[in-house]
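[1] just need the structure, nothing else, for what follows:
(one chain, ligands or ions: 1)
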Amino acid sequence: MTDDQGDKPVTHPMWTVGALLSNMAALQAEDEVETDLVSVVVDALPMCDIHKYDLGQPDVPATYDGKTKRGPWAYMCGECFDAKGVGLGTGLGQRLEVRS
Ligand SMILES: [Zn+2]
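    Predicted coordinates for the structure are as follows:
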C-alpha cells in the first residue's frame, strides 16, 4: 500500500481563495451577460447601413447592431432589422440604446 500523499497537508488555502474568486467572477459574468445579451449602450446612434448602402439613404438612425441574413454584421434601423436581422442575443444582434 502506497502512502505518498500522507505527508502532504490536505488543506490548500490558495486553492480555496482561488475558487471563491472564480465563483464570484462567474456570478458577475452572469449578471453582465443578462444585461449585455440583447442591448448595448452607445453615445450616439450610428446610421443604418442597409439604408445607406442598399437604399441610398445615409441618414436613417440605426437602433440595432446585428448579424444580417447575408452574413456580415450591420447597423440597422428597426425596419431593416425586422427584414434583414437574424435576432437578438449573443452572436446575433444587440439593440442600441443611447447613453442618457
Ligand atoms: Zn434601415
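[2] where does the closest residue to Leu45 other than its chain neighbours fall, phi/psi-wise?
    Leaving aside its chain neighbours, Leu45 sits nearest to Pro61 (4.4 Å; criterion: Cβ to Cβ, 6 or more residues apart in numbering). Bear in mind the C-beta positions are built from the backbone N, C-alpha and C, glycine included. Pro61 adopts backbone torsions of phi -60, psi 140, taken as degrees, to the nearest 10.
[3] who's in contact with Pro61?
    By Cβ atoms under 8 Å, 6 or more residues apart in numbering, the residues touching Pro61 are 45-48, 77.
[4] could you work out the most separated pair of those residues?
    Pro46 and Cys77 (10.2 Å; Cβ to Cβ).
[5] what parts of the chain come near the ion?
    Counting by Cβ under 5 Å from the ion, the residues of the chain lying close to the ion are 48, 50-51, 60, 77, 80.
[6] quick one: which of these is most hemmed in?
    Comparing the residues of the chain next to the ion by number of neighbours (other Cβ atoms under 10 Å), Cys48 comes first, having 26 neighbours.
[7] my guess is it contacts Ala62. True?
    Yes - assessed by Cβ atoms under 8 Å, Cys48 is found in contact with Ala62 at 4.3 Å.
[8] residues shared between the contacts of these two?
    Residues touching both Cys48 and Ala62 (Cβ under 8 Å, 6+ apart): 75-77, 80.
[9] ok, then the element right after the helix or strand of the chain with the lowest mean pLDDT?
    Each helix and strand of the chain was given a mean pLDDT (mean pLDDT, DSSP states H and E); the minimum falls on helix 13-36 at a mean of 58. The helix or strand immediately downstream of helix 13-36 is strand 39-42, counting by DSSP states H and E.
[10] can you give me the buried ones in that following strand?
    Neighbour-count burial for strand 39-42 flags Ser39 (criterion: 16 or more other Cβ atoms under 10 Å).
[11] low pLDDT regions in this structure?
    For the chain, applying pLDDT under 70 flags the ranges 1-36.
[12] mind naming the longest strand for it?
    strand 93-98 (DSSP state E).
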